Structures are given as C-alpha cells and as structure tokens.
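**Student:** need the 3D shape of this:
(one chain, ligands or ions: 1)
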Amino acid sequence: MAPSDRPVRVRIAPSPTGDPHVGTAYIALFNYVFAKARGGKFVLRIEDTDQTRARSDSEQMIFDALRWVGLPWDEGPDVGGPFGPYRQSERSAIYREHVDILLAKGEAYRCFCTSERLEKLRALQVAGDDGHRGYDRHCRELDSSARVGEPHVVRLKMPLAGPITFRDEFRGDITRDASEIDDQVLMKSDGLPTYHLANVVDDHLMEISHVVRAEEWISSTQKHVALYQAFGWEPPQFLHMPLLRNAGGSKISKRKNPVSIYYYRDAGILPEALRNFLGTMGWSFGGDREKFTLQEMIDVFTWDHISLGGPVFDMVKLTALNEKYLHELSHDELADRVIAWRLNKPYIARLMGLAQKRMKRLTDFIPLLDYCFAGDLDLAPVLADLKIDGVAPAVLAEAIRELVEKYEARTEWSHKVLEEESKAWATAHGWKPKQAYPLIRLGLTARKETPGLFDLMEVLGKEICRRRLREAARAIDATVPTPAPAPPAA
Ligand code: GLU
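**Tutor:** Numbers count the residues shown, from 1 in each chain. Okay, here's the model as predicted:
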C-alpha cells in the first residue's frame, strides 16, 4: 500500500532519561490531533534501550505528565496493544532477530574493533585533518564466521556512495550522499540495539504510517532510510516539526525557560491552556485566532498550516492565554482546580510539618507559608540582601545557576541530597553555610526567616525551586550596570 493510503498510525517515542519535557508534549499534541482528525491511532512507545541513561521514575513521569496535559494514547506500555511490548527494553529478542536478518542478507556485518582502536583512529583523523571522520570500515569485508563468540558490535553496510533521499512532507526532498554517512552501529556489544535500529524496526512492525517528530531528528533520517532499504521495507512518511525556541532564537533550554511539563502544572498553568498554546507553536488555526480547544483543533486540522520558522515559547503569551481559560471557568470549577493544584490534603499535610511549631492559631498558617502557594516571587524588596559580602554579583549569579545544575544532576529531590549538594557547593566557593544558605532562602522565599531550608525545598518541589533560583540569579544579574557604550571614534 502506498504510504499515503495507509491507515493513520502515529507515535511518540520518548526516552525516559529525565523530567517530562515540554517538547514531548508539543510533539505528542500534533501526533494526537492528526490521529484523531484522521480516525487513526496514537501510540506511546518508550525508547529505553540506552540503559546507562534510562531512569526508572522517568517513564511514570512521562505517563503522568501526558495524562495531565490531556493527551491519552491508544496503545502503550501501560495500556497494551496488538504489537507486543511497547517498551523497547522488553523487545530485545525482536531486534536480535532483525539483526540476524540483515547479517544473513549481507546488509550488516560484525565489527570486532576495540574501543582503543577506534580512539586511535579518531586521534589520527583529527591530527591528519584530511576531513575524513568516522569508522574506516576495517571489518566490513572480514570473514567473521569463526569469531562470532568474540565481543563485537553489528554495523550496517551503508552504500559506499550515491544519494540517500527522503521526502520530508514540509521541506520536500532532503538528500545526503551515502559516503558522508558512517557504517552505523545497529547492535552494541551488550546485545542491545542502538536507537536507529530499534526505532526503525518498531516503526515498521507497529505499522507507523507517519513519523511526526522534532526537526533535530532530520539528520538521523537518512540513516533510517538506509535501514528501510536494507530490510526491503517501505518507509513511513516523515514530518519534522520546527523546534521550540527561546525568545533569542536558540533551541528551548532550561537555562532560559523551564522545560519540564511539571513546572507548568506547579506554576498554575491549566492543562487546556498549555495544550492550546503548544498548538499555536508552528501551526495556525487560521486567521489570527489563537484560542481554540483540542476538539476545535482536531476538527480543522491539516498539515498545511505549519510554518517552519522556529516558534518562540513565550511565557508571557502562555500566561495571557491561561488567564482567558481561567476567567471562563465557573467558580465551582475554578475551586476544583485550585484545590487540585495546592489546596489538596497531601500538600497541606506536608506543610504541617513545617508550620505546626510556629503556629499559635490556625490563622498563622497562610501568612507563615504564603510562598508555598505562589509561582514567581517579587524579589525587589529583598534585592539588596541577595548577596554575599565581597562576592561580585555576576559571580554570585553564575554560582547560583551552577547550584541549580548540581541539584538537577541528582535524580532524588530530598532534604539529604539538597543539603549535601548545597554544602559541597558553598565549600567549593569558600563560603560558610551561614553565608550561603540565607542567600538560597531569600531566593526561594523572599524571606529572611523560614522553617528549615531543606525541608522547605523538599516540599516546595524541584520545579518551583529551580525556577525561583534561576530568577534570583537573573535578578542579581540585572543589578550589574551594563557598561556604557564606547564613545564613537573621533
Ligand atoms: N527516542 C527518541 C526521542 O527521545 C525518538 C525520536 C523519534 O521520534 O524518532 O525523542
């Protein structure tokens, strides 16, 4: 069947390596809407073949975050489906079988090169600088039948030259010469597949009709097309969505914008507003209409309205849209939303541990912990205290960002971990806890006195803490006068 006549089956294939990314929700939205507009299926596949990077809690967070945004899947690891497991770590036998098919067809080969040899090769290539990079195909013509038991990887026998082309439905034909592409590894020495192999085999076996993903995957697509050719399979249609951008045009990054879906939930954004906002990223409803429901988007959806100029993820616009949705809720609905957000029993109960000893009456509770029910704080009144004596503001701001990265590098968000990291960070800068902790406290609460800092951080949560500390760094940066422009040359 020609690819365009196949029943629509689309997928998102996140790797569970960290917090659920707003880019995943963006790509999920377009896959979901397209599937629903065409009576198709929306599949969730977990690509966890890179066991060194996979995080056990991350998969559940992807499920929870996508459900919170309101984009449920028809088939997936937790809901099942007709295509076997939807988690790649449970599909190893399938990949091995497919590697054997390629080996038998002479489309792939075993490579016994050690990492030392490959490193040496790389060093020689860099030193020689004749522009040649990548694997030198040392094992490509080797008779490996007697060495199967030795450690090896399996590589694809890329065509040595000639164009490899795929059609991107937004951009037209994209071509690279095969000679520019390495004999890619399909199976690692531990017997696990690489992203390229698992992704192609699964898209084929799961009968994916359209691969809708972010444009950062364009450069992998020729490799995928070469694999489809090697198997003798018809590739799906490819549609690469423009990347979300920071205001300055760079790829969206956590240094500039929070990227975890959970941040938006914790910072009081309604899921329908986030969904709608993501729908305006690179796609237009028609006219200048920016507010539309998911169903309205599905009703009119075609790919014609995609524009490839990088859509800017602008928090001010998101908040303005959120405000509109919020104002439309009945009082009863709004009450439910606020309760689900921060006035729920589990959250309040956790705060009691911080508040109880400091309360004389119930009335003390809210004033004591008001910053636990807020998003960004107004730091202007405490800006003068946001300092460490003798440390230049620019240095301090950078140190705070570095601290945030240290917190981010740890998967656990607990009193113990936060204290460990904060202490190590302060010591590394030559600061005593009593100099450094008040600064963290002030950035997080805009108060000089609060309950125990790390207990508080644990309850406030990772998203809010990270955002407030980055905002504190930004506020400190803003106190540095920008140098006056040099006088024009006479
Ligand atoms: N596992 C890849 C990711 O993390 C999937 C890319 C694709 O959609 O092919 O995004």
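**Student:** what are the boundaries of the strands in this protein?
**Tutor:** Using DSSP state E, the strands of the chain run over residues 9-12, 41-44, 108-111, 153-156, 163-168, 172-177, 185-187, 210-214, 237-241.
**Student:** looking at the residue nearest to the spatial centre of the chain now. What's its pLDDT?
**Tutor:** The chain has His21 as the residue nearest its centroid, 3.4 Å off, counting by CA atoms, centre = their mean. At His21, the pLDDT value in this model is 95.
**Student:** look up which residues are beta-bridged to Trp283.
**Tutor:** Ile306 (DSSP bridges).
**Student:** what residues does the stretch 51-200 of the chain put near the ligand?
**Tutor:** Selection of the stretch 51-200 of the chain residues close to the ligand by CB under 6 Å from any ligand atom yields Asn199. Every C-beta, even on glycine, is put in place using the N, C-alpha and C of the backbone.
**Student:** low-confidence stretches in the stretch 51-200 of the chain?
**Tutor:** Residue ranges of the stretch 51-200 of the chain with pLDDT under 70: 129-132.
**Student:** ok, 80 please
**Tutor:** 51, 53-56, 128-133 (pLDDT under 80).
**Student:** quick check, the residue in it closest to the ligand?
**Tutor:** Asn199 (5.0 Å; CB to the nearest ligand atom).
**Student:** mind listing what that residue touches?
**Tutor:** Each residue near Asn199 by CB atoms under 8 Å, 6 or more residues apart in numbering is listed here: Ala13, Glu47, His224.
**Student:** mind putting those into CSV with pLDDT and distance to the ligand?
**Tutor:** Output for these, formatted as CSV (pLDDT from 0 to 100; distance: CB to the nearest ligand atom, whole Å):
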residue, pLDDT, distance to the ligand
Ala13, 98, 4
Glu47, 96, 4
His224, 97, 8
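**Student:** got a markdown table for those, with neighbour count too?
**Tutor:** Below are the contacts of Asn199 laid out as a markdown table (neighbours: other CB atoms under 10 Å):
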| residue | neighbour count |
| --- | --- |
| Ala13 | 24 |
| Glu47 | 19 |
| His224 | 23 |
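**Student:** tell me the one of the residues you listed nearest Glu215?
**Tutor:** Distance to Glu215 across those (CB to CB) is lowest for His224, with 14.5 Å.
**Student:** might one say that that closest one is in contact with Trp233?
**Tutor:** No. If you go by CB atoms under 8 Å, His224 and Trp233 don't touch, sitting 10.5 Å apart.
**Student:** what about Glu180, how many neighbours?
**Tutor:** Other residues lying near Glu180 total 12 when counted by other CB atoms under 10 Å.
**Student:** distance of it relative to Lys223?
**Tutor:** Distance of Glu180 to Lys223, given as CB to CB, to the nearest Å: 11 Å.
**Student:** pLDDT weak spots in the stretch 201-350 of the chain?
**Tutor:** 255.
**Student:** recalculate using a threshold of 90.
**Tutor:** Across the stretch 201-350 of the chain, the ranges flagged by pLDDT under 90 are 247-257, 287-288, 305, 309-310.
**Student:** show me which residues of it sit near the ligand.
**Tutor:** Checking the stretch 201-350 of the chain against the ligand by CB under 6 Å from any ligand atom, the hits are Arg213, Trp217.
**Student:** just grab the bridge partners of the residue in the stretch 201-350 of the chain positioned nearest to the ligand for me.
**Tutor:** Closest contact between the stretch 201-350 of the chain and the ligand, by CB to the nearest ligand atom, is at Arg213 (3.6 Å). When assigned by DSSP bridges, Arg213 has beta-bridge partners His240.
**Student:** wait, the residue nearest to the centre of the chain touches Ser260, no?
**Tutor:** Yes. When contacts are counted by CB under 8 Å, His21 is listed as touching Ser260 (6.9 Å).
**Student:** the closest residue to Thr165 other than its chain neighbours: how many residues sit nearby?
**Tutor:** In this structure, Thr165 finds its nearest non-sequential neighbour in Thr175, 4.4 Å apart by CB to CB, 6 or more residues apart in numbering. When neighbours are counted by other CB under 10 Å, Thr175 registers 9.
**Student:** go on, Thr165?
**Tutor:** That count, for Thr165 with other CB under 10 Å as the rule, works out to 11.
**Student:** same question for Arg468.
**Tutor:** If you count neighbours by other CB under 10 Å, Arg468 ends up with 24.
**Student:** list the contacts for the residue lying closest to it once chain neighbours are set aside?
**Tutor:** Using CB to CB, 6+ apart and skipping residues adjacent in sequence, the residue nearest Arg468 is Leu444, 5.1 Å away. Leu444 makes contact with Tyr371, Leu453, Leu456, Met457, Leu460, Cys465, Arg468, Leu469, Ala472, according to CB under 8 Å, 6+ apart.
**Student:** of the residues you listed, just say which sits nearest to Phe365.
**Tutor:** Distances from Phe365 to these, taken by CB to CB, are shortest for Tyr371, at 12.9 Å.
**Student:** what about the closest residue to that closest one other than its chain neighbours, distance to Leu453?
**Tutor:** Once flanking residues are discounted, Tyr371 sits nearest to Thr445: 4.5 Å by CB to CB, 6+ apart. Going from Thr445 to Leu453 by CB to CB gives 9 Å.
**Student:** what's the answer for Phe285, then?
**Tutor:** 46 Å.
**Student:** returning to what we had before: wait, isn't the residue nearest to Tyr371 in contact with Phe373?
**Tutor:** No. The pair Thr445 / Phe373 is not scored as a contact, 11.9 Å apart, by CB under 8 Å.
**Student:** so those two - more neighbours on which side?
**Tutor:** Thr445 (23 against 14).
**Student:** can you pull the contacts of that one?
**Tutor:** Taking CB under 8 Å, 6+ apart as the test, what Thr445 contacts is Tyr371, Leu377, Leu456.
**Student:** likewise Ile62?
**Tutor:** Residues in contact with Ile62 (CB under 8 Å, 6+ apart) are Pro14, Pro16, Pro20, Thr24, Leu44, Ile46.
**Student:** excluding chain neighbours, what is closest to the second one?
**Tutor:** If the residues on either side of it in the chain are set aside, Pro16 comes closest to Ser58, at 3.7 Å by CB to CB, 6+ apart.
**Student:** and for the one you found, the neighbour number?
**Tutor:** Burial measure for Ser58: 19 neighbouring residues, criterion other CB under 10 Å.
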